[in-house]
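In: Predicted model follows, preceded by the sequence.
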Amino acid sequence: MAKKSFKRGIHPFDGKDYAKDVPIKRIEAQELMVFPLSQHIGAPAKPIVAFGDRVLKGQMIAEAGGFISSPVFSSVSGTVKKAEKRKLANGNTVDCIVIENDGEYETVDGFGEERDISSLTSKDIVDIVTKSGIVGLGGAGFPSGVKIAPKNAGEIDTVIINGAECEPYLTSDYRLMLERSDDLVKGIEALLKALPSAKAVIGIENNKPEAIKLLSQKVSDKKNIEVMPLKTKYPQGGERQLIYAVTGRRINSKMLPADMNVVVVNVASTIAIYEAVYLNMPLIHKVMTVTGDAVNSPCNLDVPLGVSHSYVLECGGGAKESVEKFISGGPMMGMAMSSLDVPVIKTSSSILAYTKDEVAHLKETHCIRCGKCVAVCPQFLVPQMMGRAVKENNIDAFEKLSGMECIECGCCTYGCPAKIPLTQMFKLGKIQLREKKAKEKEESK
C-alpha cells in the first residue's frame, strides 16, 4: 500500500518504545482540583459558579466567553473553594476555579446515558460538540464545534482523522486507536453526520502497523471511511503537511483547512466527540503519556482534567533522582517546565523527563550557511535568513521572507550544526510582527 507524505522534514529518534506497548490506565482525581478558564484558543471561559457552591461531576462551571471559546466542566463533585490565578505549563498565568473533591463523584442528571443519534441532525451534533467543551486535543486547542461548522459546511468533502502522532515519545493516540477503535469509528460517524458531504480518511504513520491493520478491519464495510498509511516522517501530523499528504492540497497561514474543503480532527478529539454525542459526557478527562529515560515506569494514563502534572507523574511511578529536565508535550514542539505544580488542561498531552538536558549544554556558534535548515523546512522557507532578520530586529524583512508561514515545528533547529535556536527566534519574530501590525492598525484609526 502506498505511503503518502510531504516534502522535506526530518527523522528524529522517536522514543515511542518506552510506552507504546503499555495499556492505558485510569487514575483517580486529587483532593484539590484546579480548572483554568483558558484551556483553548480564543476568549477565556466565564465562570458561572461562586465560592461555596457545590458542583457535580460533569457540571459546567464556566461558559464559553465568545464565539471562539469553550466551556469548562468539573471532573469531580465537590465544593468551590476559591478563584485565583495560577500558572499553566506554558508559563502563562490565568484565572482558575479551585474545587475541593468530596470523593463522591456524584454526576449531573443524564451523565453517561446512551443516546440514539439516528434522529440527530447536523446542527444537533454541532451543538452537542460545542456545548460539551471539546477542543483540538492534539495541542492546538481550537474549539471543535466551530471547526465542524464552517460557513461552507456543504462543500467539505474530506474529514481527516489525524492518527499520525508524529511527535517523538508520544503514544497516547496510538493506544487510543488500539484500545478504543470502536469508539473512534463511532466518533467518525458522528462527524460525517455533521458534515454529510464528506468522506473520512484516517491518516496513520506506517510505524504503527497494528493500528493500521485494526482500523482497516473496523472500517472495511464503511464506504465513506478509509485508512491511509502515511510515511513516517516529522512533522507528518502537522495540519498543513497532513492535508497535503492526504489530499495534495496546500494551505497557508491566511487560510483555514475548510478553505480547501477539508476538516482535520485529532484521534483523541474524535473519541471525545463520541463520548459527547453517544454518551452525553462533556470533556472532563484525557489520555496522557508519561515517558522518557528519567521516568521510572513509562505509561499512558487516563487523567481527570484539573489534577496537577506532579500528581500525574507520581501516578506513573515518579521520576529518577537524576532527572534534569521536564517537558510538557514532546521534544520538538513541547515546552520545558520549571515546575510540575501546574494543572492538566484539555491540551496537555504528556510529561517527558530526561536524565540529561542536552539543549542546556549546547553552545551556539556562527551560522556557516550550510543550508541544512532550508533542506528540511516543510514550509519551503529560508530559516537562515529569517533568523538573521530577527536577530537584527528587521521585522519587515522577516515578514517579506514569509516568516508567518513558519509552523514552529523545530526541524531547522534540530538539524542546525551551529546550534542556533532558530525556532525560538521565529516565535519572537512572529510576536513582534503581530504587535507591529496591531500598533499600525490602532494608529490608523
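Out: That came through, no problem.
In: what packs against the longest helix along the chain?
Out: The residue-count maximum for a helix in the chain (DSSP state H) belongs to helix 422-443. When contacts are defined as 3 or more CB pairs under 8 Å, 6 or more residues apart in numbering; DSSP states H and E, helix 422-443 sits against helix 383-391, helix 395-400, helix 411-415. (C-beta placed from N, C-alpha, C; glycine too.)
In: can you map out the helices along the stretch 1-150 of the chain?
Out: Using DSSP state H, counting those that start in this stretch, the helices found in the stretch 1-150 of the chain span residues 122-131, 144-147.
In: what's the shortest one packed up against?
Out: If I follow you right, that is helix 144-147. Helix 144-147 sits against helix 122-131, strand 262-266, helix 267-279, with contacts defined as 3+ CB pairs under 8 Å, 6+ apart.
In: rerun at 6 Å
Out: Using 3 or more CB pairs under 6 Å, 6 or more residues apart in numbering; DSSP states H and E, the elements in contact with helix 144-147 are helix 122-131.
In: Just the residues contacting the helix it packs on, thanks.
Out: Residues from elsewhere that reach helix 122-131 (CB atoms under 6 Å, 6 or more residues apart in numbering): 144, 145, 148, 149, 190, 193, 194, 273, 276, 277.
In: For burial, what's the neighbour tally of the nearest residue to the fifth one once chain neighbours are set aside?
Out: Right, the one you point to is residue 190. Excluding the flanking residues, the one nearest residue 190 by CB to CB, 6 or more residues apart in numbering is residue 277, at 4.4 Å. Counted by other CB atoms under 10 Å, the residues lying close to residue 277 total 25.
In: before we move on, the earlier item: relative to residue 334, which of the helices of the stretch 1-150 of the chain is closest?
Out: For the helices of the stretch 1-150 of the chain, proximity to residue 334 was assessed by CB to CB; helix 144-147 is nearest, at 22.2 Å.
In: Tabulate the CA atom coordinates of whatever helix or strand comes next after that closest one in CSV.
Out: For helix 144-147, the following helix or strand on the C-terminal side (DSSP states H and E) is strand 158-162. Extracted as CSV, the C-alpha positions of strand 158-162 are listed here (Å, rounded to 0.1, in the frame of the first residue of the first chain):
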residue,chain,number,x,y,z
THR,A,158,-12.8,15.3,3.3
VAL,A,159,-12.6,14.8,7.1
ILE,A,160,-9.1,13.8,8.0
ILE,A,161,-8.7,12.0,11.3
ASN,A,162,-5.2,12.7,12.5
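In: Next secondary structure element downstream of strand 158-162?
Out: Using DSSP H and E, the helix or strand that follows strand 158-162 towards the C-terminus is helix 172-179.
In: still on that earlier bit, how about the residue nearest to residue 190, what does it touch?
Out: If you count contacts by CB under 6 Å, 6+ apart, residue 277 has them with 117, 125, 128, 190.
In: how close does the first one sit to residue 185?
Out: Put plainly, it is residue 117. Computed as CB to CB, to the nearest Å, the residue 117 to residue 185 distance reads 13 Å.
In: Report the buried members of the contacts of residue 277.
Out: Buried members of the contacts of residue 277, scored by 16 or more other CB atoms under 10 Å, are 117, 125, 128, 190.
In: so, if you compare those, which one comes nearest to residue 374?
Out: Nearest to residue 374 among the buried ones among the contacts of residue 277, counting by CB to CB, is residue 190 at 42.4 Å.
In: For that closest one, what is the enclosing helix or strand?
Out: helix 181-194.
In: And that helix, what does it pack against?
Out: Partner elements for helix 181-194 (3+ CB pairs under 6 Å, 6+ apart): helix 122-131, helix 209-218, helix 267-279.
In: coming back round to it: just name the most buried of the helices of the stretch 1-150 of the chain.
Out: helix 144-147 (a mean of 24; mean count of other CB atoms under 10 Å).
In: Any chance you could list what contacts it?
Out: Taking contacts as CB under 6 Å, 6+ apart, the residues outside helix 144-147 that touch it are 126, 129, 130, 134, 135, 269.
In: in the sheet, who's paired with the fifth one?
Out: Partner residues in beta bridges with residue 135, using DSSP bridges, are residue 143.
In: What residues does it make contact with?
Out: Each residue near residue 135 by CB under 6 Å, 6+ apart is listed here: 40, 70, 141, 143, 144, 346.
In: pLDDT value on it, please?
Out: The confidence metric pLDDT takes the value 98 at residue 135.
In: ditto for the one 3 residues further on
Out: With respect to pLDDT, residue 138 scores 84.
In: Thought residue 267 was touching it, still the case?
Out: No - counting by CB atoms under 6 Å, residue 138 stays clear of residue 267, with 8.0 Å between them.
In: For these two, indicate the residue with more neighbours.
Out: Higher neighbour count among residue 138 and residue 267: residue 267, with 30 against 24, using other CB under 10 Å.
In: what about the more buried one, distance to residue 160?
Out: 11 Å.
In: Ok, residue 429 next?
Out: Using CB to CB, we find residue 429 at a distance of 30 Å from residue 160.
In: And residue 96, by the same measure?
Out: With the distance defined as CB to CB, residue 96 ends up 34 Å from residue 160.
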